[in-house]
Structures are given as C-alpha cells and as structure tokens.
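[1] here's a sequence, model it:
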Amino acid sequence: MKRHKVVLDTNVFLVSLPSQHEYHWIFQAILSDQIEVCVSTEILLEYQEIVSSRYGLQKTDATLDFLVLLPNVNLVTPFFKYPVIFTDPSDNKFVECALMGGADFIVSNDRHFQQLNNLDFPPVKVLTYEEFKVFWAKE
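    Below you'll find the model as predicted:
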C-alpha cells in the first residue's frame, strides 16, 4: 500500500481525535505510519486554537507535541502565497502547505476547498471525508 501524503483541514483533524468518532481511523492511520501528513506552523497554530477550545489546552498541546515528533508528519515552511480561495482567505494556508509539501491531496469537507478541483493551477486535489474514506478503502 502506498503511503499517501495529505494535508488535513482543521475540522478533519478535530473529528479524527476522539476514539468514538467515525473518523478516528484517520488519526489511527497517522499514528500507525500509514498516512504522511504535511503541516505548517500556521496550521499547527490553528489546530491548537480550535482543538483546545474543545478539549482544553493541556491535552491539545500534548497531542500536538506528540504529533510533530512522528516521522510521518512533515513540518513544511511555505515560501509563497497562493491566494486562490477568496471566500475564506485563511484557508489558503492549507493550499500553500499542500503545494510546498508535495501532498497528494487536502482532506476537507469545507466547500471553499472544492473550487480547487476546478483549477489547473495550482494543482491541488481536494477530497471530502467520504471520498477519502472510499479512496483509503481501495488502497
């Protein structure tokens, strides 16, 4: 099985954490080195902000500290800005991370990301949770 390189939007990461959630398999796949994940400092800061509001700062920091130590988690430093999502410009950090990290796709249910599938440049593919689940099952 090829280990795919992905960028997880914040909501995907958030719902993958609880063991009782149907998308926990994504977090388990990260922990078991089956998925390679690209993150940037900007993305980690957003993860921290959103996840800590749900689970508390101490648990969130412990999770993120552990996450960045995994060999299949790549810290990417984007050098270029790609303003391609105009409806929510803060989402461009995921596009920039995917491009600079050489990710196969971004996983997101956020409708703002779907417009990327219609662009020739930059070449970023977006999969929803369900598309990623189907894709993963076929691999």
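[2] residue 6 falls within a helix, correct?
    No - with DSSP: H, G, I helix; E, B strand; the rest coil as the criterion, residue 6 is strand rather than part of a helix.
[3] buried set for the host helix or strand of residue 44?
    Secondary structure assignment for residue 44, by DSSP states H and E: helix 41-55. Within helix 41-55, the residues that count as buried by 16 or more other Cβ atoms under 10 Å are 42, 43, 44, 46, 47, 48, 51, 52. C-betas here are computed from N, CA, C, even on glycine.
[4] what of stretch 127-139?
    Buried, per 16+ other Cβ under 10 Å, within stretch 127-139: 127, 128, 129, 132, 133, 136.
[5] so what touches the helix holding residue 44?
    With contact meaning Cβ atoms under 8 Å, 6 or more residues apart in numbering, helix 41-55 is reached by 7, 10-11, 13-14, 17, 39, 57, 59-61, 63-64, 68, 75, 77, 90, 93-94, 97.
[6] can you say which of those are buried?
    The neighbour count (16+ other Cβ under 10 Å) marks 7, 10, 13, 14, 17, 39, 60, 63, 64, 93, 94, 97 as buried among those.
[7] tell me the one of the residues you listed nearest residue 113?
    Distance to residue 113, by Cβ to Cβ, is smallest for residue 94 among the buried ones among the contacts of helix 41-55, at 7.4 Å.
[8] got the contact list for the closest one?
    Here residue 94 is in contact with 7, 9, 43, 106, 108, 113 (Cβ under 8 Å, 6+ apart).
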